[in-house]
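Undergrad: Quick one, fold the following:
(chains A, B, C and D)
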There are 2 protein chains.
Amino acid sequence: MSVGLREVAARAGVSVRTVSNVANGFAHVAPDTRRRVQQAIDELGYRPNSNARQLRRGRTETVSLVVPEIDTPYFAELASLTVRIAEERGWTVHIDQTDGDPDRERRMVAGPVGRSVDGVLCSPWAVSSEELSRLRTGPVVVLGERRAASGLDHVAIDNVAAGVTATAHLLSLGRRRVAAIGAQPHLHNGTARLRLDGYRSALREAGVPVAEGLVARVQTLHRPDGASAMARLLDSGEQVDGVFCFTDELALGAMRTLAERGLRVPEDVAVVGFDDIVDGRWSVPALTTISPDKAQIARMALDCLAARIADPAAPDRDLVAAHRLLVRETASG
Amino acid sequence: MSVGLREVAARAGVSVRTVSNVANGFAHVAPDTRRRVQQAIDELGYRPNSNARQLRRGRTETVSLVVPEIDTPYFAELASLTVRIAEERGWTVHIDQTDGDPDRERRMVAGPVGRSVDGVLCSPWAVSSEELSRLRTGPVVVLGERRAASGLDHVAIDNVAAGVTATAHLLSLGRRRVAAIGAQPHLHNGTARLRLDGYRSALREAGVPVAEGLVARVQTLHRPDGASAMARLLDSGEQVDGVFCFTDELALGAMRTLAERGLRVPEDVAVVGFDDIVDGRWSVPALTTISPDKAQIARMALDCLAARIADPAAPDRDLVAAHRLLVRETASG
DNA sequence: TCGTTGCATTGCAACGTTGCAAACTAGAGG
DNA sequence: CCTCTAGTTTGCAACGTTGCAATGCAACGA
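TA: So this is what the prediction gives:
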């Protein structure tokens, strides 16, 4: 049957507690005893029962990462990095998927924290930080910019600045009819809003009139939305010589529409994306994009969560990770 | 502090056991008692401690999914589907990442099974099924074709048949210099080998000589490998008018090289990929590919694992999921 | 009246581990 | 020889939950 400390102890002729000491590498175990116990452990193939250990210790060394989708390149990369970096501190990551469903988001933040996981990293779409803050029962760090004092720690890049950079880059190439694809007025998560603010601000700064007809809304941030948004823009009769897409996926979708319409990228229409997903590095032409430092985001978030776990009462923080413009083929001059 | 059954029981004026009965929805609880207990549960915000529950019950209702990479489109999609489908049966999925490291693969299969998880779905790269079978300490289902009696359950598509289909499709378009990109003679996982067998077999069947110079090896299955393999093929002086890539990622990399060399797809070189990842649906031109039924793979694997958990002694099974050729732009006539 | 039945509720023990504090051992010093 | 100290080892209880078996209770039929 199951091999526990009990069985190992019997075999090695020591107490259960001593086996525990050896298994945990405690000091003050006689070398000879350690050897004997270790041998028994190996022979019986003892593996500690993490449930029992966690129950006793009160900590799980596990955090959960709550994202809308795990099969989306951005989140997949972020998840992968988070898992790797968490491993460095001996943490396990439990990845959860909400599909952007508000109830799921609420459940994931309210439910397991402090029970099966020590803390949560949450990237919300449909629920505001304020509400999450009310629901939470343990340490929570939000991935995404803080828009007001919310009672939760936040980690994000400066989306407004990034929006400015992306748009300004298109303007610097001489484009004057720069569209934006990705407005999401229906979402609680304000990321799209911030990028749009950056877009508008860059136009104003350059003295280029902001044409509302050049701002395309989308339901989600995936390729089909980008493709249809691009089609709508072109069909609307607006002149377009540049597009700032709020995600690379939107940009790749838009590029497909442009190709289908016989428009050349970047000659006829320059494109800038956002996220720096792998696909953009390999598209033809390669996608110019805003590259958030995802590893830094993951690391900051985990550090922040660790600090929050250590001191639940500390004032909440608003951390900003780095980003940079990556000039590739779809928008270069 | 922590709210357990004890606290709820005290508040509701019943025994701990009764609270447990209510929390688990057992029959034989008086309506009035149930109401009172439920109210106490709500007021105190009681949430069961899953560690304690699992320790006591001996089951975790959790399975782990062990894949080489979670930020690779194929595995990300598979993981997402697995999580969703597992949810239907009330299971939680713990996603683990091995980076194709043999020691990690061994650890993930040997370690947690029967402890923190009830079973494992493993997609091995570096370790053979036979070895995994020896190491395992609980129910394990391998994602990937079985090459010999291994002592483990397997779920996969018929890679040889798929390789034949892909290659035959290129031949049917009149291509006679069909290359293959993706041979991986260094890996223990035999998938590439099987697809290569299919490729050769289709050529033979069509009476087209198999030129070994047209088979390109790769280290990994990602875009850069596809790009450099394509470059090597073109530089080698071999005539090429069609390529069967063993993954879509390889194909997308190859397409980038073709574009850089000024070769048109599909006019000059037709391309067929494998996996049907989202990126291929949106590339320009859109990628013709072999589409494995990933949802079916996930479902079969979970069903199979459930059966294995229910009866650890049952003979091992070899399940075959469906696949089909998806003709898009890179190879159509 | 008394056992019988069936529902409702309960106490006890145990899952495998670790914190705590006590107990033991051997060698050093008085 | 005894005490002290430092180094080892141990027993007990508890983490929060559920399985088991027993108990209490009311209504029932004989």
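
Undergrad: Point me to the helix or strand that includes the residue nearest to residue A:83 when sequence neighbours are not counted.
TA: Leaving aside its sequence neighbours, residue A:83 sits nearest to residue A:93 (C-beta to C-beta, 6 or more residues apart in numbering or on different chains; 4.7 Å). In this view, the C-beta of every residue, glycine as well, is placed from N, C-alpha and C. Here residue A:93, judged by DSSP states H and E, is contained in strand A:92-97.

Undergrad: With the flanking residues excluded, which residue is spatially nearest to residue A:101?
TA: In space, residue A:101 is closest to residue A:126, 6.9 Å off (C-beta to C-beta, 6+ apart).

Undergrad: er, residue A:36 actually
TA: residue A:12 (5.2 Å).

Undergrad: now that neighbour: how far from residue A:37?
TA: 5 Å (C-beta to C-beta, to the nearest Å).

Undergrad: swap in residue A:125?
TA: For residue A:125 relative to residue A:37 (C-beta to C-beta), the value is 51 Å.

Undergrad: One more: residue A:324?
TA: 53 Å.

Undergrad: neighbour count winner among the two?
TA: residue A:37 (24 against 14; other C-beta atoms under 10 Å in any protein chain shown).

Undergrad: okay but the more buried one is in contact with residue A:17, surely?
TA: No - here residue A:37 does not reach residue A:17: they are 11.1 Å apart, not a contact under C-beta atoms under 8 Å.

Undergrad: count of residues packed around the residue nearest to residue A:83?
TA: Residues lying near residue A:93 (other C-beta under 10 Å) number 25.

Undergrad: Residue A:155 too?
TA: 27.

Undergrad: Now it: which helix or strand?
TA: With DSSP H and E as the criterion, the answer for residue A:155 is strand A:153-157.

Undergrad: Just the residues contacting that strand, thanks.
TA: Strand A:153-157 is contacted by residues A:129, A:140-146, A:191, A:292-293, A:297, A:300-301, A:304-305, A:308, A:316-323 when judged by C-beta atoms under 8 Å, 6 or more residues apart in numbering or on different chains.

Undergrad: Could you check the pLDDT of residue A:112?
TA: For residue A:112, the pLDDT comes out at 68.

Undergrad: Could you do residue A:147 as well?
TA: 80.

Undergrad: now swap in residue A:117 and tell me
TA: So residue A:117 comes in at 89 (pLDDT).

Undergrad: who are the neighbours in contact with it?
TA: A:60, A:62, A:63, A:64, A:94, A:138.

Undergrad: DNA strand D: which of the residues you listed is nearest?
TA: The shortest approach to DNA strand D among the contacts of residue A:117 belongs to residue A:60, at 12.4 Å (C-beta to the nearest atom of the strand).

Undergrad: Quick one: name the residues of the stretch 51-200 of chain A near DNA strand C.
TA: A:52, A:53, A:55, A:56, A:57 (C-beta under 7 Å from any atom of the strand).

Undergrad: helix or strand for the fourth one, which one?
TA: So that's residue A:56. Per DSSP H and E: helix A:50-57 holds residue A:56.

Undergrad: Hey, what's the angle from the next helix or strand after that helix to strand B:92-97? Just curious.
TA: Remark: after helix A:50-57, the chain's next helix or strand is strand A:62-67, criterion DSSP H and E. Inter-element angle recorded for strand A:62-67 and strand B:92-97: 90 degrees (by axes from the mean of the first three to the mean of the last three C-alpha atoms, to 10 degrees).

Undergrad: May I ask which two of the contacts of residue A:117 are separated the most?
TA: Spatial extent of the contacts of residue A:117 (C-beta to C-beta) is set by the pair A:94 and A:138 at 13.7 Å.

Undergrad: Now name the helix or strand holding residue A:169.
TA: Assigned by DSSP H and E, residue A:169 falls in helix A:159-172.

Undergrad: Centre of the chain to that helix, how far?
TA: 22 Å (C-alpha atoms, centre = their mean, to the nearest Å).
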